[in-house]
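# With the sequence up front, the predicted model follows.
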Amino acid sequence: MTLDKLKEIPADAILGLMTAFRADPSSQKIDLTVGVYRDDQGNTPVMRAVAAAEDRLRQVEGTKSYMSPLGVDGFRTGIRKMVLGPLDQSLSSRTAVIQAPGGCGALRVAAEMYLRTRTGETVYLSDPTWGNHRGLMGAAGLALEFYPYYHPGSHELERGRMLEALNKIPPQTLIVLQASSHNPTGEDPDAETWQSILDIVEERKLMPLFDLAYQGLGDGLDEDVAAVRAAAERLPEVFVAVSCSKNFGLYRERTGALLAIGADASQRHVLESQAANVARGIYSMAPAHGPLIVDGIFSDENLTAMWRDELEEMRGRINGLRSRFAAALVSVNSDLDTRWLAEQRGMFSLLGLSEQQVDTLREEQHIYMVRDSRINIAGLDDDNIPVVAEAVAPLMN
C-alpha cells in the first residue's frame, strides 16, 4: 500500500473559516475573513467593464486552442504599461513578462527562477505577511526567514527594527516586498521609508520581489506602484508579481503576470525563456480567458475608462468604510485612538486582538475573522459596522 501512508492535513485556516461560516445557521453572522471585494449587498460583483469585454470576447473567439507559452500579447503589454507607467518607454526592452495563473503563479515562477540562479536558497518575508507567501515560497524549495514589519499592539510600522534587519540580509538574497495595501496589516511604508528600504536593497545587492496584488485599491493606480517604479528606475534587477484578482475582480479566472526586469535588453529573451520553462514544469500553460478579458479592456478606450471609474468607486468605498468603522469604534469606546485604522489602505487591517478573543467573537457573536484578528474591510457595511464596533471596541486597547 502507498496512499495509505498519507495523513490528513488540517484545512487552511482561512478556507476552514469559510466552511464554518457557511455552516453557521445564525442569521446574524458576519464574515470578515476571506480577502475578496464585496459591495454594499455583500456580493463580489462582476465589474461592468469585465462583463462588456467578456461579451465581446464570446462574439469573436473562434478557438480554445493554446496560446503562446508567454501568454496573450495584448495582456502582457497592458500589464507592463499599467505597472511601469511613464517608465515603460525606457524599461520595456529590459522587461520580460509572462502570463501566470494569478499572483500566486507569478510568485511561484519568480521563486523558481531565483533558485535557478544559484545565488541563494533563502527568501525574506515581512512579519507578519500574507499566509500563502510561506506555502508558495516554501514549496519552491526556499528557506523562509522574516524581517520585522508591524506591531499589532501599537498599530505601527516597525521602521527602525525593519531597516536594521534588512541591513543584515546576505547579498543577493531574495526579499518579498508588498508594493501597497499590505496584507494583513494595511500599513504601508511612507515615501521616506521606501527610499531607505531601496537604499538598502541597492547597497546590499538584494533581489527584490514585489507582490503587487492590489494596484488601484489603496490610493490610486499610479500611487500604489510608486515604490515599484522607484525600484525599477534605480535597480538593475526587479521581479514584480501582478494579480488581477482584486482590481479586475477576476478571482476565479486566475489571472496574473510576472514582470522580470533585467540589467539590459539582452537579458529579456533569456528571462522570458527561463520563465516559460519554469511554467512548463509547474502548470504548462496559464489560463487565457481572464487575460483575454483584460486585453479587451486595455484595447478599448471606453472600457478602460469604465474600468478606471469602477476601480475608483471600489477604492472610495473601502476607504469610506475604514473611516466609518474607525469612528464607530470610538463612539463605543471613547478612549480609543483609531486614526491608524482610517489612515491605513487596502482591504485589510489587524485589530490587535488575541486568538482567544477572536474565537469568542466567532462562537458567541457569530463575527468571523482570521485568528490573528485580520479583517477584510470590504466585508463591512453600514448595517454591520455598529454591530462589529459594539463587539470589538471593548476588547481593543
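Looks like it came in fine.

# Flag every buried residue along stretch 216-223.
G216, L217, G218, D219, G220, L221 (16 or more other C-beta atoms under 10 Å). From N, CA and C alone the C-beta is placed, and that goes for glycine too.

# Endpoints of it, how far apart?
8 Å (C-alpha to C-alpha, to the nearest Å).

# Let me see the mean pLDDT of it.
In this model, stretch 216-223 has an average pLDDT of 98.

# ok, now stretch 55-65?
On average, stretch 55-65 scores 95.

# That one: how far from the chain's middle?
Offset of stretch 55-65 from its chain centre (C-alpha atoms, centre = their mean, to the nearest Å): 29 Å.

# again with stretch 322-335
The answer for stretch 322-335 is 27 Å, by C-alpha atoms, centre = their mean.

# And for stretch 53-73?
Taking the mean of its C-alpha atoms, stretch 53-73 sits 26 Å from the chain's own mean (C-alpha atoms, centre = their mean).

# Also stretch 109-129?
If you compare the mean C-alpha spot of stretch 109-129 with that of the full chain, they lie 17 Å apart, counting by C-alpha atoms, centre = their mean.

# what comes into contact with stretch 136-144?
104, 107-108, 111-112, 114-115, 121-123, 125, 134, 174, 176 (C-beta atoms under 8 Å, 6 or more residues apart in numbering).

# tell me the average confidence for that stretch?
Mean predicted confidence for stretch 136-144 is 97.

# which parts of it are buried?
For stretch 136-144, the neighbour count (16+ other C-beta under 10 Å) marks L136, M137, A140, L142 as buried.

# sorry, back to before: what's the closest of the contacts of stretch 136-144 to S331?
L125 (36.7 Å; C-beta to C-beta).

# center of this structure, which residue is that?
The centre of the chain sits closest to A213, judged by C-alpha atoms, centre = their mean, with a distance of 2.9 Å.

# Phi first, then psi, for that residue.
For A213, the backbone dihedrals are phi -100, psi -10 (criterion: degrees, to the nearest 10).

# what's around the closest residue to A213 other than its chain neighbours, how many residues?
Sequence neighbours aside, S243 is the residue nearest to A213 in space, at 4.3 Å (criterion: C-beta to C-beta, 6 or more residues apart in numbering). Using other C-beta atoms under 10 Å, S243 is surrounded by 25 other residues.

# Pretty sure S243 sits against G102.
Yes: using C-beta atoms under 8 Å, S243 is in contact with G102, at 5.8 Å.

# overlap in contacts of these two?
Shared contacts of S243 and G102, counting by C-beta under 8 Å, 6+ apart, come down to T255, G256.

# For the longest helix along the chain, give the mean pLDDT please.
Counting by DSSP state H, the longest helix found in the chain is helix 301-332. Helix 301-332 carries an average pLDDT of 97.

# Export only the CA atoms of the helix or strand following that helix, formatted as PDB.
Moving toward the C-terminus from helix 301-332, the next helix or strand (DSSP states H and E) is helix 339-343. Output of helix 339-343 as PDB, limited to C-alpha atoms (Å, rounded to 0.1, in the frame of the first residue of the first chain):
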ATOM      1  CA  ARG A 339      -6.600  57.100  13.400                       C
ATOM      2  CA  TRP A 340      -4.300  54.300  12.300                       C
ATOM      3  CA  LEU A 341      -7.400  52.400  11.000                       C
ATOM      4  CA  ALA A 342      -8.700  55.300   9.000                       C
ATOM      5  CA  GLU A 343      -5.200  56.100   7.600                       C
END
